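Q: below is the sequence, then the predicted model.
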Amino acid sequence: MSRIGRKPIPSVKGVKIERTDGRLKVTGPKGELTAAIPSRIGLEVKEDRIVVTRPSDSKPDKALHGTWRALVNNMMKGVTEGFQKKLEIVGVGYKAELKGKKIQLALGYSHPIIFEPPVGIKLETPAPTNIVISGIDKQLVGQVAAKLRSFRPPEPYKGKGVKYEGEYIRRKAGKAAAAAGAKAG
């Protein structure tokens, strides 16, 4: 059995799970998430836990088992706690500011970039060089963070650009180091 798939998901008070017509609906204090769940995957809702089951030990069933256990767990966590990602902006003159629900980014281009988040995503800028993305859907939060990062990914020479909080940018030596090595040799 899948190591992840066989772990029970602890049930949380105030979270309601419904399965109808191949759709799984999880409702909690922060909102509601739905997903199309395969008919081969079973859900046993008990008073203190939720167990995801599979019909056989075939390779496709094994693959779905662990995946859906993780997805259901993320849905449970999303409707109770929510998810967030933090981005840092590095570079002289690079900044972000909120304009209503939209975010305006100045990233060294000739024009500002205006990004409108999808429904269910909240953007915050606690400082001009920090962006906080939050929402109940883990996949959507990560997708928005990746999209904002893609506008100006960090470059390896000075590290300028949009990066995830705590992300390590591996630096390269510039031209001066290459020229000094050529003179010495």
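A: All right, it came through fine.

Q: tell me where the protein has helices.
A: Counting by DSSP state H, one finds helices in the chain at the ranges 59-80, 138-150, 175-184.

Q: now the first one against helix 138-150, angle please.
A: Counting by axes from the mean of the first three to the mean of the last three Cα atoms, to 10 degrees, helix 59-80 points 80 degrees away from the direction of helix 138-150.

Q: buried sites along helix 59-80?
A: By 16 or more other Cβ atoms under 10 Å, the buried positions in helix 59-80 come out as 61, 64-80. To be clear about C-beta, it is placed using only N, CA and C from the backbone, and glycine gets the same treatment.

Q: and the helices of the chain as JSON lines, adding distance to Val51 and mean pLDDT?
A: What follows is the helices of the chain, written out as JSON lines (distance: least, Cβ to Cβ, whole Å; pLDDT from 0 to 100):
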{"stretch": "helix 59-80", "distance to Val51": "9", "mean pLDDT": "92"}
{"stretch": "helix 138-150", "distance to Val51": "21", "mean pLDDT": "97"}
{"stretch": "helix 175-184", "distance to Val51": "58", "mean pLDDT": "63"}
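
Q: do you know which of these lies nearest Tyr157?
A: Of all the helices of the chain, helix 175-184 sits nearest to Tyr157, with 9.4 Å by Cβ to Cβ.

Q: with adjacent residues omitted, what lies nearest to the spatially most central residue of the chain?
A: For the chain, the residue nearest the mean C-alpha position is Gly142 (2.2 Å; Cα atoms, centre = their mean). Nearest residue to Gly142 in three dimensions, chain neighbours excluded: Lys85, at 6.5 Å (Cβ to Cβ, 6 or more residues apart in numbering).

Q: and if you look at Val12?
A: Per Cβ to Cβ, 6+ apart, closest to Val12 is Thr80, 5.2 Å.

Q: likewise for Glu167?
A: The shortest distance from Glu167 to any non-neighbouring residue, by Cβ to Cβ, 6+ apart, is to Pro154 (7.5 Å).

Q: likewise for Val15?
A: In this structure, Val15 finds its nearest non-sequential neighbour in Gly28, 4.4 Å apart by Cβ to Cβ, 6+ apart.

Q: my read is that the one you found contacts Ile17, right?
A: No - with contacts counted by Cβ atoms under 8 Å, Gly28 stays clear of Ile17, the gap being 9.6 Å.

Q: these two: which has the busier surroundings?
A: Gly28 (22 against 18; other Cβ atoms under 10 Å).
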